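Chemist: Show me how the following folds:
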Amino acid sequence: MRVAAGQFRELTQGDLAFARQIGCAGITVNKPDFDSPGWTTFLGRQFTASAGPRAPTRRWSALDLAQLRAAVDAHGLALECIEGVPANLLAKAMLGLPGADEQIEDFKATIRAMGQAGIGVLGYNWIPDGVWRTTKADHGRGGALVTGYDHAIGQRIETGILPIRDDSAMWANWERFMAAVLPVAEEAGVKLSLHPDDPPVPMLDSVARIFRDATAFDRALAFADSPHHGLAFCTGTMAERGADTMMAALARFARMGRIHYVHLRSVSGALPRFAEAFIDEGTVDPVAVLRTLRDAGFDGFVIDDHVPHVEGDTVWGHRSRAYATGYIAGIIRALGNEYGRSP
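Modeler: Numbers count the residues shown, from 1 in each chain. The predicted structure is shown next:
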């Protein structure tokens, strides 16, 4: 078990140096848009401008991914995982819209490219409209800014942008997707890691959120019963339904060996209303989480996930993430000493 830095939408050499400086063994990258100016610069693709406009990326190339991994390796870090593709590259498949087949083929090509580049884990979710919060400026401890959600507000919002999709439709779309991509992942040696819906409520904006509880995970893991399909277990998202429920699910799926990696964060309260919190407060006990993982023989990585915005911090949250990452690393070290072996 090891700690990694995550939630990078774009990367700089400074970000990689920072991750190494705070003691991380690796990093994850979150839904990278390789067409953005930041990624174009980082990957050294400025020369493409001289060749004129290029078509938007629909599938990642093995060359870009190999260059990304090499840049991470150069800092003594492992590129542990890429956490999802941009939503526009998978939304048609999620919703069963025209163009779904093309998006599935592109996703399969991305999996093959990741295998060629030696990147072993690809996170994904089945949330076409993303993470919802009804406030992004609640005041947490000491006035730190935290996000929150109130279902009394959320369930009233209807944008009319997405088509109506119930549970059965979303499950059918997911099963079609998984039946197509899992054999490719197995052949490429890439693990697909499913993140729960956040917030884990039955429906928002007329679209069902099917991966909202442990029962849904049981169904998904039974349908795609392979070592190459597992969970990106998010303690905060699962605790939004209750910390005790989260801990029971964590222990069971960890013993099954189906947790690939963990997002470790906390929340105050639970549905129908909650707010995110610092890692050392709220309903999630990080010591209990990491001890449970250790007892189950978990050998994956842990990242801090969402963090409060503290005084003087950057948009990515360097100060707050250093605090959370150090907290996690300290617990892992203490558990290693407690068990009489290195963490």
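
Chemist: need the next SSE after the one helix or strand in the chain whose mean pLDDT sits lowest, C-terminal direction.
Modeler: Ranked by mean pLDDT, DSSP states H and E, the weakest helix or strand in the chain is helix 37-42, scoring a mean of 89. Per DSSP states H and E, the first helix or strand lying C-terminal to helix 37-42 is helix 62-73.

Chemist: Packing partners of that next one?
Modeler: helix 13-21, strand 26-30, strand 78-83, helix 100-117 (3 or more CB pairs under 8 Å, 6 or more residues apart in numbering; DSSP states H and E). Placement of C-beta: from N, CA and C, glycine included.

Chemist: so which of these comes closest to residue 213?
Modeler: strand 78-83 (21.2 Å; CB to CB).

Chemist: Can you tell me the strand partners of the closest one and which way each runs?
Modeler: strand 26-30 (parallel), strand 121-124 (parallel) (DSSP bridges).

Chemist: show me the contacts for residue 300.
Modeler: By CB atoms under 8 Å, 6 or more residues apart in numbering, the contact set of residue 300 is 1, 259, 260, 261, 262.

Chemist: Repeat the analysis, applying 6 Å as the threshold.
Modeler: Shown in contact with residue 300 (CB atoms under 6 Å, 6 or more residues apart in numbering): 260, 261.

Chemist: how much space between it and residue 322?
Modeler: Plainly put, residue 300 is 22 Å away from residue 322 if you go by CB to CB, to the nearest Å.

Chemist: same check, this time on residue 192
Modeler: From residue 192 to residue 322 the distance is 30 Å (CB to CB).

Chemist: related to what we said a few turns ago, want to throw the strands paired with strand 78-83 into a markdown table with mean pLDDT and mean neighbour count?
Modeler: Output for the strands paired with strand 78-83, formatted as a markdown table (pLDDT from 0 to 100; neighbours: other CB atoms under 10 Å):
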| stretch | mean pLDDT | mean neighbour count |
| --- | --- | --- |
| strand 26-30 | 97 | 22 |
| strand 121-124 | 98 | 23 |
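
Chemist: I'd like to know which of these lies nearest to residue 219.
Modeler: Nearest of these to residue 219, taken as CB to CB: strand 121-124 at 16.3 Å.

Chemist: Quick one: the strands in the stretch 101-250 of the chain, in order.
Modeler: Taking DSSP state E, counting those that start in this stretch as the criterion, the stretch 101-250 of the chain contains strands spanning 121-124, 135-139, 145-150, 191-194, 203-204, 207-208, 229-234.
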